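> pasting the sequence and the predicted model now:
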Amino acid sequence: MNIDQRLNRLKTIKKVEPPPFLWTRIQGRLQVDTHLAPRRWQWSFATVGLILLLVNGGALFSHYKAVRTPSAQAEIIHLVEGLQLSPTTTIYDE
């Protein structure tokens with residue numbers, strides 16, 4: 001069977017008529033189906049979000065607290081001196 005015969009078969013396809021009031025039924029379902037997530041899911045997402053915020057805040061606070069110890073500050077000063085970094089913001093020795 002060559003391609004022309006196959007394409008000619010497509011010409012025999014007839015248009016199907018939709019049932020009456022199909023469009024109004026579709027519109028009605030779209031307007032009614034405005035579901036919210038179940039309460040359990042809403043509370044679950046809120047709880048997980050709160051836990052993530054608390055864990056991140058705790059991690060940042062513990063890191064900030066660790067950097068402020070005298071031994072950590074001494075290490076930072078040693079690193080700055082070793083790399084010959086300047087504590088000022090002047091770039092061109094003005």
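Received it, and whenever you're ready, just let me know what you need.
> distance of residue 50 relative to residue 56?
From residue 50 across to residue 56, the span is 11 Å (C-beta to C-beta, to the nearest Å). In short, each C-beta sits where N, CA and C put it, glycine included.
> same question, residue 8
66 Å.
> also residue 21?
Applying C-beta to C-beta, one obtains 54 Å for the distance of residue 21 from residue 56.
> what does residue 72 give?
The value you get for residue 72 to residue 56, if C-beta to C-beta is used, is 21 Å.
> also residue 7?
Relative to residue 56, residue 7 is positioned 62 Å away (criterion: C-beta to C-beta).
> now do residue 86
33 Å.
> repeat for residue 83
Residue 83 sits at a distance of 30 Å from residue 56 (criterion: C-beta to C-beta).
> so which of those two has more stuff around it?
Comparing residue 83 with residue 56 by neighbour count (other C-beta atoms under 10 Å), the higher total belongs to residue 56, at 10 against 7.
> dihedrals phi and psi, the more buried one?
Dihedral angles of residue 56 (phi, psi; degrees, to the nearest 10) stand at phi -60, psi -40.
> so who does it touch?
By C-beta atoms under 8 Å, 6 or more residues apart in numbering, the contact list for residue 56 is empty.
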